[in-house]
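Asks: Sequence and predicted structure are below.
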Amino acid sequence: MSTIYRTAEEVLVWLGPAVEHSDAFMEVWKTVGKWAEDWGMVDYYTKEKWPVLQKIMNRVDPDDPKTKEYAQLVHRAMPLFTVKVLEGLPAWYGRP
């Protein structure tokens, strides 16, 4: 199986049927993930750039333009994590 996953161009996984707000949780992550992708987060997923992303996320230089953009993304995402959505978190992790 590891060879299949390593060489695949795309892998689709079905996590089972929705339970207790788990769909709401997934929809929020889908939205936030799209925003992060549009921001360019995937570009930082390299050995060389990962430390830069860590500095951005930890606001090492609050005046850095990318740090400000990231902070705005987080600020925009926070209201999406409502009580209903957060209730879906354990249900999502508990899917069989």
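Replies: All right, it came through fine.

Asks: could you say which helix or strand contains the residue nearest the centre of the chain?
Replies: The residue lying closest to the centre of the chain (Cα atoms, centre = their mean) is residue 33, at 4.7 Å. If you go by DSSP states H and E, residue 33 is part of helix 22-39.

Asks: Roughly how far does residue 16 sit from residue 27?
Replies: 16 Å (Cβ to Cβ, to the nearest Å). Bear in mind the C-beta positions are built from the backbone N, C-alpha and C, glycine included.

Asks: Revised request: answer the last question for residue 59.
Replies: According to Cβ to Cβ, residue 59 stands 28 Å off from residue 27.

Asks: ditto for residue 51
Replies: 32 Å.

Asks: more neighbours, these two?
Replies: Between residue 51 and residue 27, counted using other Cβ atoms under 10 Å, the more crowded position is residue 27 (13 against 10).

Asks: How confident was the prediction at the more buried one?
Replies: The model reports residue 27 with a pLDDT of 90.

Asks: what does residue 17 give?
Replies: For residue 17, pLDDT reads 79.

Asks: show me what contacts it?
Replies: Listed by Cβ atoms under 8 Å, 6 or more residues apart in numbering, the contact set of residue 17 is empty.

Asks: Which residue ranges of this structure form helices?
Replies: In the chain, the helices defined using DSSP state H lie at 2-7, 22-39, 50-57, 65-77, 83-93.

Asks: And the contacts of the helix holding residue 33?
Replies: 42, 69-70, 73, 76-77, 80-81, 84-86, 88-89, 91-92, 95.

Asks: Buried residues in it, which are they?
Replies: Of all the residues in helix 22-39, those buried under the rule 16 or more other Cβ atoms under 10 Å are 22, 24-26, 28-29, 32, 36.
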